[in-house]
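> Need coordinates for the below:
(2 chains, ligands or ions: 1)
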Amino acid sequence: MENATGKRAAPLSVQLEFGGGAELLFDGVRKHQVNLPNQPEPWNVRHLLVWIKENLLKERPELFVQGDSVRPGILVLINDADWELMGNLDYELQDQDHVVFISTLHGG
Amino acid sequence: MLGKNRCIYPGEKVLLAFSGGPTSSSMLRQVQEGLNREAAKKLRFKPGIIYIDEGAVCGRTLDEREKTCRQVEAILQASGFPYHLVFLEEVFDLPASVLNSLSHRPADQAHSYKEAVADFTRWRQQCEKKEGAATSLEDRLAECSLQGCAWKERLAVLDTSSFPASHTELSRLFGAVKSLTAKEELLQTLRTHLILHVARRNGYSKVMVGDSCTRVSVKLLTNLCLGRGAFLAMDTGFSDSRHGDILILRPMREYPAKEIIFYNYLFGVPTIFTPGLGTKASDRASIHLLIESFLCKLQSEFPSTVSTVYRTGEKLSAAPREVDSGVPTAPAQCLLCLCPLDTNVEDGSSLQSMLLSEQLCPRPPAENCCETGRTQAGCCGRPPVVGDSSQLLPLLCYGCRLTVKELVSVQGKVCATRRAPASADAKVCSCSQDWAQGKVARSLSHHTFTRRLSASDAGLR
Ligand SMILES: [Zn+2]
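Numbering: from 1, shown residues only, chains lettered A, B, ... in the order given. Coordinates of the predicted model:
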C-alpha cells in the first residue's frame, strides 16, 4: 500500500483511554499517551491492538483482545466517533488521534 | 419511556438504584434533566437515590471501599437528591418482614391514569396524616441508620472487632457458596432486599433500576438457564409488581449498552467503576458471564442479536394471578425472590426430575427435603423459623432452591440471606456452554433464537 503523504515515516503519538473496567488490565491507568514507532506500513487499528497487547497490557490479554480485534463487548471510539463509522480495524491512525476503549461488560 | 408508560404519579417518591455503572448513571442524569424540563414534558416525581456498597463480598479492603463511597457520595451530593448509602452487611439487620409482599393498594387496579392519580393523592394524604400523628422512635432511628449521612461511622463499625458479626457472617455466607453463578444470584437477592427495605422505610413506592436493553437480554437468557423461566416477565419486564407495595421499574430497558455508554461519554456523565464479583474472571466463570460473552460475540456478527432477544422477551407477560375470588389469601410466594411459587407443577418438569433423582440417590441428610416439598409449598406468607435448608427449600421457587442447595452447610440467622444455585449449575453450565460456544453460536439465526426462547418458556411454565 502506498501512502501518498509519506506520513508513515514520522512516528505517531496517540492518546489511548480505557474505561468501564478495561483500565484494570492496564494497572488501573485510564489515559496513556503513547508513541508508536516507525514501521513500513501505515499504522492502523489492527496494528495498534497488537502493539497494545505487546507493550501496554499487564494481564489477561484474552479479556481485551480476541483474534485480531477487541473482545466483543468493548466499544471503541476514535476521535469521539464510533469506530464502526471509521472503518474498524482498517482505520489509518493519524498523529494525535484519540482512541477510547470502553468495556460494556458486567464487572469490566 | 416513563411518560409513555404513565406509571408514576405526580409527587410520588421514587428511589433510583444507583451503582455507579453506566446505565444507572445515565438514568440519574436523565431524571435530573427530566425534572428541569419545561412544564409540558417535566417529570414530576420526587427522586431519591440508593447506593449499595458490595465491597465486602468482592474482596475489597476497607480503604478501597471508603474511597469508592466518597466518590459515589460526591456524585450523589451533586445531584441534589436525598440519598441512602447502604452496606451489604446491613442486610443482616433487616427485619424478616422484608420478605412479605404487601397487598396491592386499591390504586393499582384503577382503570385509568387519571383515577389512579386521584387515588394516589388520596392515599398519600392519608399517609401524611399518619406520619404526623405517630412516627415511632424506632422507625426514626432505623431511618437515620440507613441514611447516607453517617456512612463513615457505619463503615468503621462494620470493621471493628467489637461488631464482627455481620461482616464475618457475610463472608461466611459467600464463602460457603461454591460457584460464581450462585454468588451472583445471592448478591442479587440480598441487594433487592436492601433496596426494598430502604424504599419501605422511607416511603418510596417505586424503585427504578438501571437495566439496559443489553442487560435485560443477558438476564433473560441467564434466567432461562437458571431455571427461572417462569418469572422471565417479572425479572426483565418494564414494571415488576411482585413486591406488592413497591413497584420496580426498568426505565432504561429500551436503550442498548452501547448507546448509553456513548451518551455518557459525549455528555460527560460521571460513572464510577467498582470491581464486582465477576471482574477479571474468565468468560466461563459463571452462567451470567458466559451468556454475556455469548450475546456480545453474536452481536458483533449479527448486530440485531440483542434487540431480537429483547423484543422476544417483551412478548412475555406475567401470568395473571389466579386469585380472583373473594378469598384474600395471597398466592404462595418464593421466600427469596418473591415470585409466585412454580413448584406445584405437573409431571415431566425439571423440578420433578430433580426431586426424583434426589430420592434415588440420597445425599447427606440436610439435602433430602423434597418429599415434604410439595405439601408445604404454600406457607411462606409468615416468616418461618429457619433451622436448616430442609425447612427452607419448600418455601422457595425452583430457581432459588438451586441457589440455596449450595448453601446447605451455612447456618445464617436471617433466612432472607440464604440462597444460591449449584447442582443444576453444573448441569446447566455444561449444556449452556455447549450451546453458547462452537458450532451453534455461529449458525444460530435469530429465528432459532426466538423459537428456542418461546419453546423453553412454554416448557418451564
Ligand atoms: Zn425464588
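
> In chain A, which residue sits closest to the ion?
Nearest residue of chain A to the ion (Cβ to the ion) works out as residue A:106 at 21.3 Å. In short, each C-beta sits where N, CA and C put it, glycine included.

> OK, contacts around that residue?
By Cβ atoms under 8 Å, 6 or more residues apart in numbering or on different chains, residue A:106 lies in contact with B:215, B:218, B:276, B:278, B:288, B:289, B:292.

> What separation do you get for residue B:399 and residue B:221?
Between residue B:399 and residue B:221 the computed distance is 14 Å (Cβ to Cβ, to the nearest Å).

> meant to ask about residue B:240
In terms of Cβ to Cβ, residue B:240 sits 18 Å off from residue B:221.

> all helices of the stretch 101-250 of chain B, in order?
B:113-133, B:137-145, B:151-159, B:165-176, B:180-201, B:213-225, B:232-236 (DSSP state H, counting those that start in this stretch).

> So residue A:35, which state does it fall into?
Classification of residue A:35 using DSSP: H, G, I helix; E, B strand; the rest coil returns strand.

> Pass me the low-pLDDT residue ranges in the stretch 351-461 of chain B, would you?
Along the stretch 351-461 of chain B, segments meeting pLDDT under 70 span B:351-354, B:356-391, B:408-461.

> same thing but 50
B:364-388, B:409-461 (pLDDT under 50).

> tell me which parts of it are close to the ion?
Within the stretch 351-461 of chain B, the residues that sit near the ion (Cβ under 5 Å from the ion) are B:397, B:400.

> repeat that with 8 Å
Neighbours of the ion within the stretch 351-461 of chain B, by Cβ under 8 Å from the ion: B:396, B:397, B:398, B:399, B:400, B:401, B:419.

> where's the fourth one, which helix or strand?
Under the criterion DSSP states H and E, the helix or strand holding residue B:399 is helix B:398-404.

> Who are the packing partners of that helix?
Secondary-structure packing of helix B:398-404 (3 or more Cβ pairs under 8 Å, 6 or more residues apart in numbering or on different chains; DSSP states H and E): helix B:180-201, helix B:423-436.

> Surely residue B:263 and residue B:269 touch.
Yes - under the criterion of Cβ atoms under 8 Å, residue B:263 makes contact with residue B:269 at 7.0 Å.

> Common neighbours of those two, please.
residue B:26.

> where along chain A do the helices fall?
Secondary structure of chain A (DSSP state H): helices at A:45-55.

> in the chain, which strand has the most residues?
No chain in the question, so chain A it is. strand A:12-19 (DSSP state E).

> I was thinking of chain B, sorry if that wasn't clear
strand B:46-53.

> Return the set of buried residues in that strand.
Residues of strand B:46-53 classed as buried by neighbour count (16 or more other Cβ atoms under 10 Å in any protein chain shown): B:46, B:47, B:48, B:49, B:50, B:51, B:52, B:53.

> Isn't residue B:208 up against residue B:18?
No - counting by Cβ under 8 Å, residue B:208 stays clear of residue B:18, with 9.5 Å between them.

> so what sits against both of those two?
Taking Cβ under 8 Å, 6+ apart as the contact rule, residue B:208 and residue B:18 both touch residue B:27.

> Where does pLDDT dip in chain A?
For chain A, residues meeting the criterion pLDDT under 50 lie at A:1-4, A:6-8.

> Could you check how many residues crowd around residue 70?
Picked chain A for this. 22 (other Cβ atoms under 10 Å in any protein chain shown).

> was after chain B, sorry
Using other Cβ under 10 Å, residue B:70 has 11 other residues around it.

> Please, which helix or strand holds it?
Assigned by DSSP H and E, residue B:70 falls in helix B:62-79.

> List the buried residues for that helix?
Result for helix B:62-79 [16+ other Cβ under 10 Å]: buried residues B:65, B:66, B:68, B:69, B:72, B:73, B:75, B:76, B:79.

> Just give me the closest of these to residue A:34.
Closest to residue A:34 out of those is residue B:68 (28.5 Å), distances taken as Cβ to Cβ.

> That closest one reaches residue B:55, doesn't it?
Yes - counting by Cβ under 8 Å, residue B:68 does reach residue B:55; the two are 6.9 Å apart.

> For stretch B:199-211, measure first residue to last.
18 Å (Cα to Cα, to the nearest Å).

> before we move on, what about stretch B:199-218?
End-to-end distance of stretch B:199-218: 26 Å, with Cα to Cα as the criterion.

> quick check, that stretch touching chain A?
Yes - using Cβ under 8 Å from any Cβ of the partner chain, stretch B:199-218 reaches chain A at B:214, B:215, B:218.

> what do you get for stretch B:171-184?
No - if you take Cβ under 8 Å from any Cβ as the test, stretch B:171-184 misses chain A, and the best it gets is 9.0 Å.

> burial count for the nearest residue to residue A:97 once chain neighbours are set aside?
Excluding the flanking residues, the one nearest residue A:97 by Cβ to Cβ, 6 or more residues apart in numbering or on different chains is residue A:14, at 4.7 Å. Residue A:14 has 19 neighbours, counted by other Cβ under 10 Å.

> ok, now residue B:32?
Neighbourhood size, residue B:32 [other Cβ under 10 Å]: 16.

> Next one, pLDDT for it please.
pLDDT, residue B:32: 89.

> tell me the contacts of it?
For residue B:32, the contact set (Cβ under 8 Å, 6+ apart) comprises residue B:79.

> ok, now residue B:13?
Shown in contact with residue B:13 (Cβ under 8 Å, 6+ apart): B:45, B:46, B:47, B:48, B:202, B:203, B:204, B:205, B:206.

> how about TSV for those, with pLDDT added?
Output for those, formatted as TSV (pLDDT from 0 to 100):
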residue	pLDDT
B:45	87
B:46	89
B:47	91
B:48	92
B:202	88
B:203	89
B:204	91
B:205	90
B:206	91
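
> so which pair among those residues is furthest apart in space?
B:45 and B:202 (14.0 Å).

> Can you tell me the SS state at residue B:7?
Secondary structure assignment for residue B:7 (three-state DSSP): coil.

> again, but for the one 10 residues further on
Remark: residue B:17 carries the secondary structure label strand [criterion: three-state DSSP].

> Chain neighbours aside, what residue packs nearest to it?
Counting by Cβ to Cβ, 6+ apart, residue B:17 lies nearest to residue B:209, which is 4.6 Å off, once chain neighbours are set aside.

> Residue 61: neighbour count?
In the absence of a named chain, chain A is used. Per other Cβ under 10 Å, the neighbour tally for residue A:61 reads 14.

> Let me rephrase: I mean chain B.
Residue B:61 has 10 neighbours, counted by other Cβ under 10 Å.

> now swap in residue A:27 and tell me
11.

> Which residue is the nearest non-sequential neighbour of it?
Counting by Cβ to Cβ, 6+ apart, residue A:27 lies nearest to residue A:58, which is 5.3 Å off, once chain neighbours are set aside.

> Nothing else from me, thank you.
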